[in-house]
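1. Here is a sequence together with a model predicted from it:
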Amino acid sequence: VSTQSTGYITNNLRFMEGPLSKWTNMMKGWQLRFFVLDEHTLCLNYYTSKEKVRKDIKRGKIFLKGAIIGIDDTDDSTFTISVEGKTFHFRAADADDRDRWARSLEETIYRPPTLNNSENASRHNINDLQRKLAEVNGYLSLLEETMSGMVQQVSAELDPSDSAQLEICNNAMISSLHDCVEEMNKLEFSAGKVTNATGVKAVMPEHPPQKSISKDSNVVEQASEAVEEEIDSGSESDNSDAFCSADEEFDECDGEVKPAVVVLESVPSKEILELQKVSDNELDAYNQFYDVAEEEDDVVIDQSNNSVITHLLSQVRIGMDLTRIPLPTFILEKRSLLEMYAEFLAHPDIFVDIAQRPTPKDRMVAAVRWYLSAFHAGRRGSVAKKPYNPVLGETFKCYFDVPGMIDGDQNSPVVKNGPCPWAKSSSSLVFIAEQVSHHPPVSAFYVEHPDHNIEVNASIWTKSKFLGLSIGVHMIGDTVLTLLDHGEEYHVTFPNGYGRSILTRPWVELGGKCHINCPQTGFNAEIEFLCKPFYGGSRHTLTGTISHVAQSKPFCKLSGEWNNVMHAEFEGGKKEVFVDIHSIPIIKKQCLPISQQGEWESRRLWRHVTKALAENDVDVASNEKFSIEEHQRDLRKMREETGEVHKQTLFHKEGDNWMFNSPLSKRKGL
């Protein structure tokens, strides 16, 4: 059978045909079939051979109405079709063939139906506008990424002045395009309400009209092929790949400060200034919504929310960057992304232990132990939700008490002049973060422990990619842990995150290879977070090694589950429990009461959204969230009109990285 798929159009209808392997069951595995995509009947027909196509002897068919196409971020030849709660798995000849099938299937599924009256035509026009706007956002992201690469390549061959001028022109062009898209999005939002197919009003954008899904969609097998009958249930997965949250960012450019430009600090709007007049007691009433432990394990997406997610799925395309696609409020968890990053220090005793190890080898092992212990603390329950996107200029500050440590100097100048002057003592582990850019959405954070002379500088941004039945969130940036007393730097990378099963019970999966390298000592670690295959295997597993550049073999091998128990096997055959998350308590972070926080600190900024979500009032939460977002747009517009730019308050840029303005090493002169 030829491995090439071909497509053609007849009477404005799309057809595509070609061979694909279809997963049947554990006994038979992948079976080669010949597939024909028929847009007229909205079916994907399949046959045991191309000869059977000419004789019209079908092996089966998959009805595509309401189907969702998905791809695997870790395998470039497979894709899925999910419809009516069933997921079917396919394998193409290569990545190009997979992409052709995915595009053709998407275009077939989302092709506008024939409209028979003006009411349907009006409804279609609104839905088509939403779809086109989503596509424009995606193509704009692709253009921006392509232009950025071209500018970097060309700039290398230009003198500095021409290179700077080229970058300015490119930024101006991209900014203008963002403005156009922003205005179109505002026009769509201002429409307010649209009428869906049943005549019921639906508010935009939080509750868009549901894309109708046929109750009769299923897979029909031909009885005439009973001898070779495939068991389609074996081809179905548990629908573990599904839509998940991703960052809905605003088009915010953090331009470089030019000599003739006035700097504008973030100024609260009139509405926010009015809120400042409330009493401290009223403000501190919001503390309870952050302090109470959240129990979200039993939260599921109800049917009405399912319609919102289904509509969102119909508006985006595989591979699209979701950075600027607004997501519904009900999938949010009650904290900012900046606060979530602080959870990496939820085991502060394991963190500070790194600096106390006697040898470089022991310190690398301790660094890996802290790294692997950190991921589970960031998840508040088994149900995945999305933290708030930090707004430009937002900050978060906290500290952790370190179990087993004697309190240090409570009046130390190092503490009083540090990032959290209100920290308990010099033995406290301090965390501070700032959203330094919204385009791209960069979060910078800094960590220090004065008594053990440890500091961490990091700047991370997320890039979200739509995979059809899941969302891949890639962590991009640089994180450096420095042991000042030892002169060692540990460069750390983080895994990708994947959202699964949002239409049922959402859960988070980590995937990809990560590294911890210490160039000063030559020790390094490689950790691979393994995604669950669609058949067999377990969730949340990992493997890893720790080695030295001078040795051909690793001296330590790691395995286990990042949210359960991990084991280590050292050279010589010694085995031990490396990390058992059930035996290490999570230490609560310490924050100032909201009444003592600045207007741009996360908990104070998002308090109304958090309270509404805690009270399960999604409408109020959506309105409060929109107010914060609209204020950001107003600030950006004001900066554009006056030629002013935002100034970061806690961090400054060095090359591609953001560094804390007053780190421990600078204050101590180390």
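-> Noted; the coordinates are in hand. Numbers count the residues shown, from 1 in each chain.
2. residue ranges with poor pLDDT in the stretch 151-300 of the chain?
-> 182-183, 185-279, 291-300 (pLDDT under 70).
3. Helix, strand, or coil at I71?
-> Here I71 is strand, with the state taken from DSSP: H, G, I helix; E, B strand; the rest coil.
4. didn't it look like it was pressed against W101?
-> No: in this structure, I71 is not within contact of W101 by CB atoms under 8 Å, at 10.0 Å. (Each C-beta comes from the backbone N, C-alpha and C, glycine too.)
5. list residues touching both of those two?
-> Both I71 and W101 are contacted by F79, under the criterion CB atoms under 8 Å, 6 or more residues apart in numbering.
6. For the stretch 451-600 of the chain, which segments count as strands?
-> Secondary structure of the stretch 451-600 of the chain (DSSP state E, counting those that start in this stretch): strands at 454-466, 471-483, 488-492, 496-500, 507-518, 523-530, 541-548, 556-561, 565-570, 575-580.
7. Let's have those in CSV, adding mean neighbour count and mean pLDDT.
-> Output for those, formatted as CSV (neighbours: other CB atoms under 10 Å; pLDDT from 0 to 100):
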stretch, mean neighbour count, mean pLDDT
strand 454-466, 22, 89
strand 471-483, 19, 89
strand 488-492, 19, 98
strand 496-500, 24, 82
strand 507-518, 19, 92
strand 523-530, 21, 96
strand 541-548, 19, 97
strand 556-561, 18, 96
strand 565-570, 18, 97
strand 575-580, 15, 96
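8. so N411 sits in a helix?
-> No: counting by three-state DSSP, N411 is not found in a helix; it is coil.
9. Average pLDDT for stretch 57-72, rounded please.
-> Taken as a whole, stretch 57-72 has a mean pLDDT of 87.
10. no wait, stretch 356-372
-> Computed over stretch 356-372, the average pLDDT equals 97.
11. hang on, the earlier thing: so which of the strands of the stretch 451-600 of the chain is nearest V620?
-> V620 lies closest to strand 496-500 among those, at 25.1 Å (CB to CB).
12. Return the residues in contact with the closest residue to L337 other than its chain neighbours.
-> Spatially, and ignoring its direct neighbours in sequence, L337 is nearest to P387 (4.4 Å; CB to CB, 6 or more residues apart in numbering). Going by CB under 8 Å, 6+ apart, P387 touches L332, E333, R335, S336, L337, E339, M340.
13. P387 - that's part of a strand, no?
-> Yes: according to three-state DSSP, P387 belongs to a strand.
14. pLDDT wise, what is it at?
-> Looking at P387, its pLDDT is 87.
15. how close does it get to C43?
-> Using CB to CB, to the nearest Å, P387 is found at 41 Å from C43.
16. Please apply the same query to S627.
-> 47 Å.
17. now swap in T74 and tell me
-> 30 Å.
18. neighbour-wise, which of those two wins?
-> A count of neighbours by other CB atoms under 10 Å puts C43 above the other of T74 and C43, at 19 against 14.
19. How much space separates that one from K52?
-> Counting by CB to CB, the gap from C43 to K52 is 16 Å.
20. what's the answer for K574, then?
-> In this view, K574 and K52 are 60 Å apart by CB to CB.
21. Next: R603.
-> Going from R603 to K52 by CB to CB gives 64 Å.
22. Which of those two has more residues huddled nearby?
-> Neighbour count, other CB under 10 Å: between R603 and K52, R603 has more, with 25 against 16.
23. Let me know the pLDDT of that one.
-> Value for R603, per-residue pLDDT: 95.
24. from here on, count from 53
-> Got it, the first residue is 53 from now on, which makes the last one we talked about R655.
25. For it, give me its contacts.
-> For R655, the contacting residues are Y338, N339, Y342, S388, E391, F448, C643, I646, Q649, T662, by CB under 8 Å, 6+ apart.
26. Minimum pLDDT in these, which residue is that?
-> Lowest pLDDT among the contacts of R655: Y342, 77.
27. pretty sure that residue is in contact with R387, am I right?
-> Yes: with contact defined as CB under 8 Å, Y342 counts as touching R387 (7.3 Å).
28. Give the residues shared as contacts by those two.
-> Contacts common to Y342 and R387, judged by CB under 8 Å, 6+ apart, are T662.
29. Phi and psi next, for L89.
-> Phi and psi for L89, reported as degrees, to the nearest 10, are phi -90, psi 120.
30. The one 5 residues further on too?
-> Dihedral pair for L94: phi 50, psi 50, per degrees, to the nearest 10.
31. Helix or strand: which one has T139?
-> strand 138-143 (DSSP states H and E).
32. Sorry, wrong one. I was asking about T93.
-> Short version, using DSSP H and E: T93 is in no helix or strand.
33. show me the contacts for the residue nearest to I568 when sequence neighbours are not counted.
-> Distances taken as CB to CB, 6+ apart place A577 nearest to I568, at 4.4 Å, with adjacent residues excluded. The contact partners of A577, by CB under 8 Å, 6+ apart, come to M416, A419, V420, Y423, H567, I568, N569, G596, T597, I598, S599.
34. Double-check that H704 belongs to a strand.
-> Yes: according to three-state DSSP, H704 belongs to a strand.
35. now the host helix or strand of D671: how far from the chain's centre is it?
-> Here D671 is covered by helix 670-694, with elements defined by DSSP H and E. How far helix 670-694 lies from its chain's middle: 22 Å, per CA atoms, centre = their mean, to the nearest Å.
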